[in-house]
Structure formats: C-alpha cells, structure tokens
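In: this one's sequence-less:
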C-alpha cells in the first residue's frame, strides 16, 4: 500500500466519523462551532500520531495478552499531556471542550488504529496512518462544526456571514444529530458517485 | 442537593446520551433490537455504579491528598478496565444466568465514554457531591442511558421496515431519529 494512500484514505473513503462511525461522542458533543471542532480534531490527531508511534515501536515487547491495557496506558499518558498543554496555552478552548478532552482516552478511533494498524506496521507507516486518520477526523469535525455554526449562529470561524440569529436548534443537541445524519447521507452518495 | 433533583436532572434534563453526547457508540451500535439494548443498559448500570463508588474514593482519598489530580484520567481508565474484568470473572463464577445476559456487553463497556464521563462528572468541584449523592447520580445517569437506548431501539425496529431513500438508510436515518428524540427531551429543560 502506497504512503499517499495511507495518508489520504481517512478523508473520504475511510473517514472515521462519516464512514466508520467511530468517535461519535466528541463529533457530536463539541461541534457547536467550526473552531471547536477543529481544535478537538487536532488534539485527537496529536494523541493518535503519538500513540500510534509508541505502540508501533514497542509492539514486539508487549505480550499479546496484556496489549489492550498497555495501549490504554499509552493513550492515557498522551491525553494527559494534551490536556495539560491545552489548559496552559489555550484555556478558553480547553474550557469549551471540557469533559471531552479526557474522554479522548475512550475515543474508539485512537484505540482502533492502535489495535488495527500500529500494532502490525513499522513506526513510519504508523505515524502516517495516525496523521491521515487524525486529520480525517479533524476534517469531519470541522465540517460538522462549520455547518452547525453557519445554520445556528450565522457565522463561520467566528466571522459573521448573514444578519440575524440563525436557527438556534442547530447549536443545541438535536442539531448535532440531525446535521451529522445528513452529512453521512451526503458522504454515502459522494462515495457512490466516485466509485 | 436533593436526591430527587439529581435524579430528574440526570434522567430527563441533562440526559447523558441525548443532551451530553456520552455513550453514543453503544447507543448507535447495540440499539437494533430492544432485547439487546436492555442487556446493555443492565451492564452499564452495574459497572457505572461500581466504578463511580471506586473512583470517588480514589479521587478524594488518594489523588486529592497527594495533589496528583492530573493523574485522574489515567488512573480512572485503569480502574474501569480492571473493574470490568473483575466483574466479568465474578459474574461468571457467582451468577451464570446474569453472566449469560450481560456477558457479551461487558468488554464493550471499557471503552464506553459514558462510564468515564460520569465518573469524572461525579467528582466535579462545582457539583460538590458526597459519596451517597455520587452514587445516586451514577444510578440516575444509567437510568437515563437505559431510557434513551430502549426507546431508540423500539423506534429502530420499526425503521427497519420503512422504505427510505438509499443514501439515508442505516446510520443517517437513525441519527435523524436521535435528533428528533433530543428535540423531544429538550422539552424537559427548566424543570429543575
């Protein structure tokens, strides 16, 4: 498999949110605006790249039976690093994302890539895979956040697009579910046309 | 805080799935049949209550006195993972019928963010729960989870039979249904 293929498949064909339906909790929970979605996506990307790298380096040392707990400890360490760094440098975003930062630990995307890819491939490919999947995740979150922000508050990345208040429901919980539902349907149609 | 307010707040107003977006994976994953969703709810209730008791004690009597609360995430997930393993072993030995019913759901629970989320929320300083309130909070949240997932499974069983446009079949239609349910639950806002 080509390196470019590993890097790009996370965007449309194997997008973790739109196609694999992984990591839906943060995808729904933090995407009230495009910037929140992107911030969450990038934090997850960092954890994904680093945990993929470490898992792939020590994959031969870890006994098969305790590999899942070991992966969890590796992932949790990087999540702790991310949350401390974010609290120090972007406190506003950290507060906005709140509970979902520590919850990166149980994001199935991170665990899934460690188990399905990093534990079977060399460190370089593992980094590329982590980067591709992570950016695909960030891409999905930014799109969902963007759609909800435009419809809900009439702005995009904080820049006002039209006058008025927008449809409040898209900023609230129901808008997350409905928005994601239609984006997945759109992605389904898009993939069919490409094939 | 009054127990009743905690219960109504967690079950209806701040429903863990439909308002806080925790536990979406099992919500989408094991909600195709009412019977499996009831099994999952039972397992979640069991583990969530136990995990909240254990992590509450660890947080207040180990992490806080030693000023190592930044280890919260890593210690909680380890506690939850080992707790799930232990529950599985004990159930297998003590109550085979219960193990039969909940067994296949237990491994899934380790990565269920509802559990980790509730255990973290239960020790939040602005709630200021004591142990009993934390336990009530955990039970109420698991009831909220059960309510959301069982209702959803009932709707999805009907949804299977309906004729939908191709792109909307499966997950997209289910998510739109979940959105409408969330809309309905918003009606409870302001009760407490």
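Out: That came through, no problem. If you're wondering where the values come from, they're calculated on a predicted model, not measured in any experiment.

In: for the residue nearest the centre of chain B, what are its contacts?
Out: For chain B, the residue nearest the mean C-alpha position is residue B:114 (4.2 Å; C-alpha atoms, centre = their mean). Residues near residue B:114 by C-beta atoms under 8 Å, 6 or more residues apart in numbering or on different chains: B:16, B:17, B:22, B:23, B:26, B:44, B:48, B:141, B:145. Every residue, glycine included, has its C-beta placed from N, CA and C.

In: Same list, the residues you listed, but as TSV with neighbour count please.
Out: Compiled in TSV, the contacts of residue B:114 are given as follows (neighbours: other C-beta atoms under 10 Å in any protein chain shown):
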residue	neighbour count
B:16	27
B:17	28
B:22	28
B:23	30
B:26	24
B:44	28
B:48	28
B:141	33
B:145	30
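
In: picking that back up, on the C-terminal side of the host helix or strand of the residue nearest to the centre of chain B, identify the next helix or strand.
Out: If you go by DSSP states H and E, residue B:114 is part of helix B:113-121. Downstream of helix B:113-121, the first helix or strand assigned by DSSP H and E is helix B:131-159.

In: from the chain's centre, how far out does that next one sit?
Out: 7 Å (C-alpha atoms, centre = their mean, to the nearest Å).

In: residues of that helix that come out buried?
Out: B:133-153, B:156, B:159 (16 or more other C-beta atoms under 10 Å in any protein chain shown).

In: continuing past that helix, what's the next helix or strand?
Out: Going down the chain from helix B:131-159, the next helix or strand is helix B:171-185, by DSSP H and E.

In: Help me see whether that next one makes contact with chain A, please.
Out: Yes - counting by C-beta under 8 Å from any C-beta of the partner chain, chain A is contacted by helix B:171-185 at B:171, B:172, B:173, B:174, B:175, B:176, B:178, B:179, B:180, B:182, B:183, B:185.

In: measure the first one to residue A:66 for me?
Out: Yep, that's residue B:171 we're talking about. In this view, residue B:171 and residue A:66 are 34 Å apart by C-beta to C-beta, to the nearest Å.

In: out of those two, which sits in the busier spot?
Out: Shown here are residue B:171 and residue A:66; by other C-beta atoms under 10 Å in any protein chain shown, residue B:171 has more neighbours (18 against 10).

In: Please name the residues that touch that one.
Out: Shown in contact with residue B:171 (C-beta under 8 Å, 6+ apart): A:21, A:181, A:184, B:28.

In: Output the contacting helices and strands for the helix or strand of chain B with the lowest mean pLDDT.
Out: Every helix and strand in chain B was compared by mean pLDDT, DSSP states H and E; the lowest is helix B:106-109, with a mean of 75. Judged by 3 or more C-beta pairs under 8 Å, 6 or more residues apart in numbering or on different chains; DSSP states H and E, helix B:106-109 is in contact with helix B:34-58, helix B:72-94.

In: how about 10 Å then?
Out: In terms of contacts (3 or more C-beta pairs under 10 Å, 6 or more residues apart in numbering or on different chains; DSSP states H and E), helix B:106-109 is packed against helix B:24-29, helix B:34-58, helix B:72-94.

In: mind putting the residues of helix B:171-185 next to chain A in CSV, pLDDT and distance to residue A:172 included?
Out: As requested, the residues of helix B:171-185 next to chain A are exported to CSV (pLDDT from 0 to 100; distance: C-beta to C-beta, whole Å):
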residue, pLDDT, distance to residue A:172
B:171, 86, 21
B:172, 90, 20
B:173, 91, 21
B:174, 91, 19
B:175, 91, 15
B:176, 92, 15
B:178, 92, 13
B:179, 92, 10
B:180, 92, 13
B:182, 91, 8
B:183, 91, 9
B:185, 89, 11
